[in-house]
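# Got a predicted structure here, sequence first:
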Amino acid sequence: MLEVEGLGLSFGGTTALADLDFDVRAGELFAVIGPNGAGKTSLFNCLSGVYRPDRGSLVLDGESLRGKRPDAVARLGVARMFQNIELFDNLSVLDNLKLGRHQHLRYGPLAAAVYLGRARREELRARRFVEDLVDFLSLEAVRHHPVGMLPYGIKKRVELGRALAMEPRLLLLDEPVAGMNAEETEDMARYILDIRAELGVTVIMVEHDMRLVMDLADRVLVLDFGRRIAMGTPAQIQADPAVIRAYLGGAKEVEA
Ligand SMILES: Nc1ncnc2c1ncn2[C@@H]1O[C@H](COP(=O)(O)OP(=O)(O)OP(=O)(O)O)[C@@H](O)[C@H]1O
């Protein structure tokens, strides 16, 4: 469903992505890993329209994403769950999810209030859809709570719901378990698996938690210095000498 070919991006003298090729299949849970600075965030920024690549193509179900702005990419069905929570603390879980249905994600609080006031026609349909999401993410008990009051693990779940509220075809998860304890990580892992199994949404996940990646992903792309050094099943990746070298090299640098 997604084909990336010859993708290149530089910042002055720094190469963030170099001649990157990969494909993601419909319904796949695809992970992107690599040492710090490998280009994972740059890749997500290219996919979601935040960065404009210098070279190459990004094609989603036959439509080019290259050069499209974030709102246009969102309209094509690409949603992103941010690493830093991008929710309205004073609004309830339900209202945050309803706002997620709207594709312009960066509102001020005033614009958000106007949107909520005017969108009466969409209100019923949105409410039904959002109620289903609340069920799916087991958020019933906190649906009317202001998001700012909720514990971190639940906020992240609402953030996931905000991305799902757009009914995406492709969901980008940016370090979904960063900062979570073991129990919160396990919960999130279950929801990620359910997204694929029950909603049929294709998922690309950037994550540093190797156990999670190896447990969940169908295939893994490994980046180092903006280049693809390996791609395959978790078992293939774990046995790949280039991957082991990239990670051990990084560890030695850290020790030094
Ligand atoms: N806006 C920017 N301006 C300048 N250089 C950038 C910018 N964004 C990324 N880079 C550079 O591009 C390279 C890839 O960075 P990127 O953040 O994509 O890596 P990453 O794999 O996401 O790293 P991390 O795991 O630390 O988040 C790095 O050398 C980084 O310094």
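Looks like it arrived, so ask away.

# Ramachandran angles for Arg228?
Backbone torsions for Arg228, taken as degrees, to the nearest 10, come to phi -80, psi 120.

# Flag the helix or strand of the protein with the lowest per-element mean pLDDT.
helix 109-118 (a mean of 60; mean pLDDT, DSSP states H and E).

# For the stretch 1-150 of the chain, which residues are neighbours of the ligand?
By C-beta under 6 Å from any ligand atom, the residues of the stretch 1-150 of the chain that approach the ligand are Phe11, Thr14, Ala16, Gly34, Asn36, Gly37, Ala38, Gly39, Lys40, Thr41, Ser42. From N, CA and C alone the C-beta is placed, and that goes for glycine too.

# Buried ones among the residues you listed?
Restricting those to buried positions leaves Ala16, Gly34, Ala38, Gly39, Lys40, Thr41, Ser42, with burial counted as 16 or more other C-beta atoms under 10 Å.

# and the two most separated of those residues?
Using C-beta to C-beta, the pair of those lying farthest apart is Ala16 and Gly34, separated by 11.6 Å.

# does the nearest residue to Met210 once chain neighbours are set aside have beta-bridge partners, and which?
For Met210, the nearest residue in space outside its immediate sequence neighbours is Ile33; the separation is 7.3 Å by C-beta to C-beta, 6 or more residues apart in numbering. With beta bridges defined as DSSP bridges, Ile33 has these partners: Val222.

# what about Ile33, neighbour count?
Number of residues near Ile33 (other C-beta atoms under 10 Å) recorded here: 25.

# Same question for Asp135.
Neighbourhood size, Asp135 [other C-beta under 10 Å]: 11.

# Surely it is within a helix?
Yes: when the secondary structure is assigned by DSSP: H, G, I helix; E, B strand; the rest coil, Asp135 falls within a helix.

# what pLDDT does it get?
At Asp135, the pLDDT value in this model is 95.

# Quick check: it vs the ligand, distance?
Separation of Asp135 from the ligand (C-beta to the nearest ligand atom, to the nearest Å) stands at 33 Å.

# Now for that residue: which residues touch it?
The contact partners of Asp135, by C-beta atoms under 8 Å, 6 or more residues apart in numbering, come to none.

# same deal with Asn45?
With contact taken as C-beta under 8 Å, 6+ apart, Asn45 is in contact with Tyr51.

# just Asp224 next, same as before
Taking C-beta under 8 Å, 6+ apart as the criterion, Asp224 is in contact with Gly34, Pro35, Ala38, Ala242, Ala246.

# ok, the fourth one - how many residues close by?
Read that as Ala242. When neighbours are defined as other C-beta under 10 Å, Ala242 has 13 of them.

# Local confidence estimate at it?
Value listed for Ala242 in the pLDDT field: 91.

# ok, back up a step: with respect to the ligand, which of the contacts of Asp224 is nearest?
For the ligand, the nearest member of these is Ala38. The distance, counting by C-beta to the nearest ligand atom, is 3.9 Å.

# nearest residue to the closest one other than its sequence neighbours?
The nearest residue in space to Ala38 (C-beta to C-beta, 6+ apart) is Leu223, at 4.1 Å.

# and the helix or strand harbouring Arg211, anywhere near the ligand?
Assigning secondary structure by DSSP states H and E places Arg211 in helix 210-216. No: using C-beta under 6 Å from any ligand atom, we find that helix 210-216 stays clear of the ligand, coming within 12.9 Å at best.

# returning to that earlier point: need the pLDDT of the residue nearest to Ala38.
Each residue has a pLDDT score; the one for Leu223 is 96.

# how near is it to the ligand?
With distances taken as C-beta to the nearest ligand atom, Leu223 is found 7 Å from the ligand.

# Neighbours of Ser48, how many?
The tally of other residues near Ser48 (other C-beta under 10 Å) stands at 21.

# mind starting the numbering at 861 from now?
Done: numbering now begins at 861, and the last item shifts to Ser908.

# quick one: it and Pro930 touch, right?
Yes: counting by C-beta atoms under 8 Å, Pro930 is a contact partner of Ser908 at 5.8 Å.
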